[in-house]
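Engineer: Fold the following, please.
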Amino acid sequence: MLILLELCLASYLVCGKTLSCKQILTSTTSLTLPTSTIAPTTEYVEYIPGNINLLISVPHDGTVKLETIPDRTAGIKINGMCNYNTLGINLNAVNPSDICKIVTGRDLYASDIAKTLLQEYQTLSGFTAMPHIVIANLHRTKVDFNRGINEAAQEHPLAETIYKDYHEMIKKVRQTFRGQGLVIDLHGQNHKQNSTELGYLWTKDELDNFDYTSPSSVKGLMKRKGVTAKEIISGFTSLGYMLEEAGYKAVPSNRQINPGSDRYYRGGYITQEYGSRDGGNIDAIQIEVPSEIRYEGGPEVNAKYGRKLAEIIKTFFEHYY
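Structural biologist: Next up is the predicted model:
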């Protein structure tokens, strides 16, 4: 009962509006909350409340294309800085080297993996533990929640409001954590390598050169547990090792400790902002799921991966947190 009351309080603190504690307590005889129990700060940001210090963020699988928000456009460099207020500027006349490119593609079905992960995590825990989940419903053409606000919302007032809603949600969930915690930023990539890319903020060049001197998004974990970078990326309890053992290619991992000639994403704004690179005990890891798993193999391949990812994250989380 105490855990359920704490869960209600956490939901209230994060959302300001959600199901009442009475509704939560009477809707289930166990700790589990149905996946339909979503308390949005706005209709464009969904929050599924959890009860452990684990948050899954899904910023790029939104489908809503608000006509009141213009599509994001590429920017131009002015005095070396990217400016996205390009109304009236003919970008075709700008030197290509001065163009600030943007990405607007959706991470198809990443949110399906997140919700399968949530259900499986509850089942594996005997319905005693569940992570928090924050999902963006607005399409990336309108707002990119994994970028700084200037590139993400391009000075449009409503876009900025929705962007801030998403990030305030993450911040308030983190504030409910007691002690150390973990943020998983879940994405999808189309690199056609059928490999899950795990981002700890080390760059491709740093990984290729075995240079782990720059602070990572799991710096707090490494310091707290006294583990090395190599243990984090390829040890027996690393995400990479466990994915490989489950039959899924991953990088970095024990099989492929660095990207080499492969394409690789190291971790974006959310991993940088909400991990422990700059201090603290809340870490972050970006997980980039390949298109072969998210949609090319069909719904069952997607769901199977989500279930296995839940098992792997649960093992990782219980070992280190």
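
Engineer: same for whatever helix or strand Thr123 lives in, what does it pack against?
Structural biologist: Assigned by DSSP states H and E, Thr123 falls within helix 110-124. Taking 3 or more CB pairs under 8 Å, 6 or more residues apart in numbering; DSSP states H and E as contact, the helices and strands that helix 110-124 lies on are strand 54-58, strand 132-136, strand 181-189, helix 299-320. Any C-beta I mention is one placed from the backbone N, CA and C, and that applies to glycine too.

Engineer: I'd like the C-alpha coordinates of the first one written as CSV, please.
Structural biologist: Output in CSV follows, covering the C-alpha atoms of strand 54-58 (Å, rounded to 0.1, in the frame of the first residue of the first chain):
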residue,chain,number,x,y,z
LEU,A,54,14.5,4.1,-14.2
LEU,A,55,13.1,6.3,-16.9
ILE,A,56,12.6,5.4,-20.6
SER,A,57,12.4,8.4,-22.9
VAL,A,58,11.1,8.0,-26.5
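
Engineer: Show me how far that strand is from its chain's centre.
Structural biologist: Mean-position distance between strand 54-58 and its chain equals 5 Å (CA atoms, centre = their mean, to the nearest Å).

Engineer: Relative to whatever helix or strand comes next after that strand, what are the paired strands and their orientations?
Structural biologist: Sequence order places strand 75-78 as the next helix or strand after strand 54-58, per DSSP H and E. Applying DSSP bridges to the sheet, strand 75-78 is found paired with strand 81-83 (antiparallel), strand 99-100 (antiparallel).

Engineer: Can you tell me which of these is packed in deepest?
Structural biologist: strand 99-100 (a mean of 17; mean count of other CB atoms under 10 Å).

Engineer: And the pLDDT for the residue lying closest to Ile293 once chain neighbours are set aside?
Structural biologist: Of all residues not flanking Ile293 in the chain, Tyr305 sits nearest, at 4.8 Å (CB to CB, 6 or more residues apart in numbering). Residue-level confidence at Tyr305 comes out at 98, pLDDT.

Engineer: Just give the number of residues close to Tyr305.
Structural biologist: 25 (other CB atoms under 10 Å).

Engineer: In TSV: the strands paired with strand 75-78, plus distance to Glu244 and mean pLDDT.
Structural biologist: Output for the strands paired with strand 75-78, formatted as TSV (distance: least, CB to CB, whole Å; pLDDT from 0 to 100):
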stretch	distance to Glu244	mean pLDDT
strand 81-83	38	91
strand 99-100	37	92
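
Engineer: TSV please, covering these and showing distance to Arg147.
Structural biologist: TSV is the format used below for the strands paired with strand 75-78 (distance: least, CB to CB, whole Å):
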stretch	distance to Arg147
strand 81-83	10
strand 99-100	11
